[in-house]
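Asker: Task: produce atomic coordinates for the following.
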Amino acid sequence: MATATKSKQAKMLPAKPVFYAHDSNTDDRCHFVAQPSPVDPSTQQRWPAYYDCKAYNKPKSGYWQGVNTTTTTADDAAAAAAVQLGRFVQDDKMMGASSYDGTGCHFSWNDAAQPPVFPGGPVVDQINGSATSGAANLTSSLNCECNSKAYGGTTAKWSAWLDEYIKSVGHEKKKPNAPAWGYAIDFAACWVTDMNDMILLQNLLWSRKAEWNNQHDPNTRWDDSNLASLRYYWGWNEVPAKRDELRLTSNWDALAVTLPVQVCADQPEFAKDGTQDTPECMDGFQSGSLVVQLDYYVEHYGIKLNQLQVAFLRTFKLSSGGISGVASFNKQFFCIDYNTTKYQFHKDCTVTLMQQ
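Answerer: Next up, the predicted model:
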């Protein structure tokens, strides 16, 4: 990954950045536009408002006519009825949420059934309802901003948000309070404007992961006493940024090579908590993968090895502090002498080609 100073980060971020505590799928989100839609070719009519949708990695874009098809129960029939409230109209001029600073609602592009939330697609299918009578909705706007007024500011309040998600999503359809597939929470991922709220919710998703994630996607068995098993938790925050600015290497100060968590755990001479993890513990496949990835940056971005610093990044378990009751981690950048089959990494954070 690339790193940058605050001044360069400012160039890459919108004037008012938003923050997601989980996978945002920003390129597949739809932004609500409070003005008449384009003319529908099949009906020759306009809707008073619409969702602007564009799929980054799929050859289609368009707009969703109608309301956000959210249900507040786990009732499949109600969900199916909600889908009928709107209709997708293909339109190549639509730009999607990525053109609105990353704000928008989850959208499913598939044409087949998509468990566990809504059958079919394309459809706006953000989960924003609450299951408890009188409880606040998970989102507070038609562009699916998290309801920070009701749930933000403290871990306890965000915990109530997660409670409502677990109850309302209809996990595994017939088990409303059972953990669901890991990707299910993508449907409820919403954005905040306060970075602290992002951190609070992300940490909460980690500490209560066994309550909402059934560990089938990916298939794993988390065990805090076996730190390597925690590699397979798919959870990260995201901050939508300007794609064109991100790709400018002039905005980069360094590249960071993230080491596999607990890469040295099987080596008796290294600490088991990750504090001494080093690239020297990587096997041939991992080292070869590093070469392939660095090749990509050199070839596709025109990086000059003598003009960019490269550091390693290790993840280690905290011996104190952190989140109560669960294994907590921090990250550390460092530079070290290390050789691959093609590149030499140096402790002054430079990289050179291996001498033939």
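Asker: Over to Val298. Which of the three states is it?
Answerer: helix (DSSP: H, G, I helix; E, B strand; the rest coil).
Asker: Name the strands paired with the longest strand along the chain and say parallel or antiparallel.
Answerer: Taking DSSP state E as the criterion, the chain has its longest strand at strand 309-317. With DSSP bridges as the test, strand 309-317 is paired with strand 254-258 (parallel), strand 329-334 (antiparallel).
Asker: mind exporting it as CSV, just the C-alpha atoms?
Answerer: Output in CSV follows, covering the C-alpha atoms of strand 309-317 (Å, rounded to 0.1, in the frame of the first residue of the first chain):
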residue,chain,number,x,y,z
GLN,A,309,11.0,4.7,0.4
VAL,A,310,9.7,1.2,1.2
ALA,A,311,8.9,0.0,4.7
PHE,A,312,7.6,-3.2,6.2
LEU,A,313,4.5,-3.2,8.4
ARG,A,314,4.0,-5.8,11.2
THR,A,315,0.9,-6.4,13.3
PHE,A,316,1.5,-7.3,17.0
LYS,A,317,-0.6,-8.1,20.0
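Asker: Off-centre distance for it?
Answerer: In terms of C-alpha atoms, centre = their mean, to the nearest Å, the centre of strand 309-317 is set 20 Å apart from its chain centre.
Asker: Please list the outside residues in contact with that strand.
Answerer: If you take C-beta atoms under 8 Å, 6 or more residues apart in numbering as the criterion, strand 309-317 is touched by 227, 253-259, 261, 263, 273-275, 277-279, 294, 327-336, 338, 345, 349-351. In short, each C-beta sits where N, CA and C put it, glycine included.
Asker: any idea which helix or strand comes after the lowest-mean-pLDDT helix or strand in the chain?
Answerer: Here the helix or strand of the chain ranked lowest by mean pLDDT, DSSP states H and E is helix 76-83, holding a mean of 37. Next helix or strand after helix 76-83 toward the C-terminus (DSSP states H and E): strand 87-90.
Asker: Can you spell out which helices and strands pack onto that following strand?
Answerer: Where contact means 3 or more C-beta pairs under 8 Å, 6 or more residues apart in numbering; DSSP states H and E, strand 87-90 is packed against strand 61-65.
Asker: what's the average pLDDT for the strand it packs on?
Answerer: Strand 61-65 shows a mean pLDDT of 77 in the predicted model.
Asker: same thing with stretch 168-184?
Answerer: Rounded mean pLDDT across stretch 168-184 is 64.
Asker: Repeat that for stretch 320-332.
Answerer: Taken as a whole, stretch 320-332 carries a mean pLDDT of 89.
Asker: Distance across that stretch, terminal residue to terminal residue?
Answerer: 16 Å (C-alpha to C-alpha, to the nearest Å).
Asker: chain center to that stretch: distance?
Answerer: That offset, for stretch 320-332, works out to 21 Å (C-alpha atoms, centre = their mean).
Asker: ok, and what's touching it?
Answerer: For stretch 320-332, using C-beta under 8 Å, 6+ apart, the contacting residues are 203, 206-207, 224, 227, 230, 261, 274-275, 313-318.
Asker: Alright, calling it a day.
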